[in-house]
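Novice: Need coordinates for the following:
(chains A and B)
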Amino acid sequence: MKIVLVDDDEDDRMFFADALQEIEISTELAEFHNGQELLDYLSEPDVEHPQLIFLDLNMPVMDGFQCLRQIRKNPELKDLVVAIYSTSSSERDIEETFVNGANIYINKPNRFEELKKTIGQVVKRNWQYRENAMDKANFLFRI
Amino acid sequence: MGYFRIQYNPIEICRTVITERLTVLGISFSMNAQGALRVHGKLTDENRLQIDEALKPYGISLIEKESENMVEGIKYAIEELLDSPAVRTEKVSAYLSEKLGYSYSSLANRFSEETYTSIENFVILRRIEHAKNLMLLGGISLTEIAHKLDYSSVAHLSRQFKKTTGLTPTTFLRIIEKRKTPDSPNHTE
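Specialist: Below you'll find the predicted structure:
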């Protein structure tokens, strides 16, 4: 499964990549530092679209919110599965991201074991949705 | 004169050809988005030969994959179970075991090996999906949905909904409603 992580924090990216390697489903990870880098990459010709995008909210150049809105506005990208991956636990922020088209909201865990478990659950749930051709419009999941 | 590049979807082409040929043979089937084909009812050796012959000219052949068929069979039986009130009173384990002709433990092992989840969790996930679809159709209360899907109470449905999605049914509905407002990027009208 091809996965993308967009996060400006280097430590968080390393932590994530290590955790992802330890889950049951085999994955291939591409990393970007902000929303603009991701959109540039996705607009390259013949690019293989990822099956799941983990998107931080607070980032320089283009933040996660703006990036999410751009993805949902673009007919080529609007069906991509986006998981918001943020430290914010404000109920308002969380609902706002779902309203703007996020499929999944993840509160970044602090402990490695917890992160591994969370990423594993998200990747598996995404796999279930894809494999069983379930309705993406209904795919909302918070963890 | 015009030059074109051909763009096509192999699964759609297969679906069209298979639908046409199998309808002629009077064989009922369903096919999912990944190209897995399930023939309904009993498939005789003669049927199997007829299908092979009918699809051969198109370069289409059927590959039998016992384990995948078993998992697909389980999923299919679960859908039937959720759709039909008459059989829903049965225990899932007994129902699947009888329907597929294997012990429940061998079905359960194979299922979790190949789908990264247990049969029990899959049933819950599908039931919650049914609940979501009913909620989105509208005109039906949560109490009615709970009853329709055999939950003992609305509280039971709400608890399982929250546990599965991380959201309460009310929040889920509010988000979907808000997405339909004209300033939302998800607005499709």
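Novice: okay, CA-based contacts and neighbour counts for the rest of this
Specialist: Noted.
Novice: Residue B:153 and chain A: what is the separation?
Specialist: Noted for residue B:153: a distance of 23 Å to chain A, by C-alpha to the nearest C-alpha, to the nearest Å.
Novice: give the contact list for that residue.
Specialist: B:143, B:146-147 (C-alpha atoms under 8 Å, 6 or more residues apart in numbering or on different chains).
Novice: how near is it to residue A:10?
Specialist: Applying C-alpha to C-alpha, to the nearest Å, the value for residue B:153 to residue A:10 is 47 Å.
Novice: Looks to me like residue A:127 is in a helix.
Specialist: Yes: applying DSSP: H, G, I helix; E, B strand; the rest coil, one finds residue A:127 inside a helix.
Novice: and the helix or strand hosting residue A:113, anywhere near chain B?
Specialist: Following DSSP states H and E, one finds residue A:113 within helix A:112-131. Yes: for helix A:112-131 and chain B, the contact criterion (C-alpha under 8 Å from any C-alpha of the partner chain) is met by A:124, A:128, A:131.
Novice: Check the burial of the closest residue in space to the first one that isn't next to it in sequence by counting its neighbours.
Specialist: For residue A:124, ignoring the flanking residues on the chain, the nearest one in space by C-alpha to C-alpha, 6 or more residues apart in numbering or on different chains is residue B:116 at 6.7 Å. Counted with other C-alpha atoms under 10 Å in any protein chain shown, the burial measure for residue B:116 works out to 16 neighbours.
Novice: Would you mind confirming that residue B:116 makes contact with residue A:123?
Specialist: No: Residue B:116 lies out of contact with residue A:123 (C-alpha atoms under 8 Å); the separation is 10.2 Å.
Novice: mind listing the helices for chain B?
Specialist: Using DSSP state H, the helices of chain B run over B:10-25, B:45-55, B:66-83, B:92-100, B:104-115, B:119-137, B:142-148, B:154-165, B:169-179.
Novice: Tabulate the ones you listed in JSON lines, adding columns for mean neighbour count and mean pLDDT.
Specialist: Output for those, formatted as JSON lines (neighbours: other C-alpha atoms under 10 Å in any protein chain shown; pLDDT from 0 to 100):
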{"stretch": "helix B:10-25", "mean neighbour count": "14", "mean pLDDT": "87"}
{"stretch": "helix B:45-55", "mean neighbour count": "14", "mean pLDDT": "88"}
{"stretch": "helix B:66-83", "mean neighbour count": "16", "mean pLDDT": "82"}
{"stretch": "helix B:92-100", "mean neighbour count": "16", "mean pLDDT": "88"}
{"stretch": "helix B:104-115", "mean neighbour count": "15", "mean pLDDT": "91"}
{"stretch": "helix B:119-137", "mean neighbour count": "17", "mean pLDDT": "92"}
{"stretch": "helix B:142-148", "mean neighbour count": "16", "mean pLDDT": "91"}
{"stretch": "helix B:154-165", "mean neighbour count": "17", "mean pLDDT": "96"}
{"stretch": "helix B:169-179", "mean neighbour count": "17", "mean pLDDT": "93"}
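Novice: Reformat those as a markdown table; add distance to residue A:136.
Specialist: Listed next are the helices of chain B as a markdown table, based on distance: least, C-alpha to C-alpha, whole Å:
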| stretch | distance to residue A:136 |
| --- | --- |
| helix B:10-25 | 20 |
| helix B:45-55 | 33 |
| helix B:66-83 | 18 |
| helix B:92-100 | 27 |
| helix B:104-115 | 19 |
| helix B:119-137 | 11 |
| helix B:142-148 | 21 |
| helix B:154-165 | 13 |
| helix B:169-179 | 12 |
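Novice: any idea which residue sits dead centre in chain A?
Specialist: Chain A has residue A:54 as the residue nearest its centroid, 1.8 Å off, counting by C-alpha atoms, centre = their mean.
Novice: quick one: contacts for residue A:36?
Specialist: Counted by C-alpha under 8 Å, 6+ apart, residue A:36 has contacts A:61-62, A:67.
Novice: of those residues, closest to chain B?
Specialist: residue A:67 (11.8 Å; C-alpha to the nearest C-alpha).
Novice: can you tell me the helix or strand for the closest one?
Specialist: Per DSSP H and E: residue A:67 is located in helix A:64-73.
Novice: Run through the neighbouring helices and strands of that helix.
Specialist: helix A:35-42 (3 or more C-alpha pairs under 8 Å, 6 or more residues apart in numbering or on different chains; DSSP states H and E).
Novice: what angle separates the helix it packs on from helix A:64-73?
Specialist: Computed by axes from the mean of the first three to the mean of the last three C-alpha atoms, to 10 degrees, the angle separating helix A:35-42 from helix A:64-73 equals 30 degrees.
Novice: gap between residue B:61 and chain A?
Specialist: From residue B:61 to chain A the distance is 22 Å (C-alpha to the nearest C-alpha).
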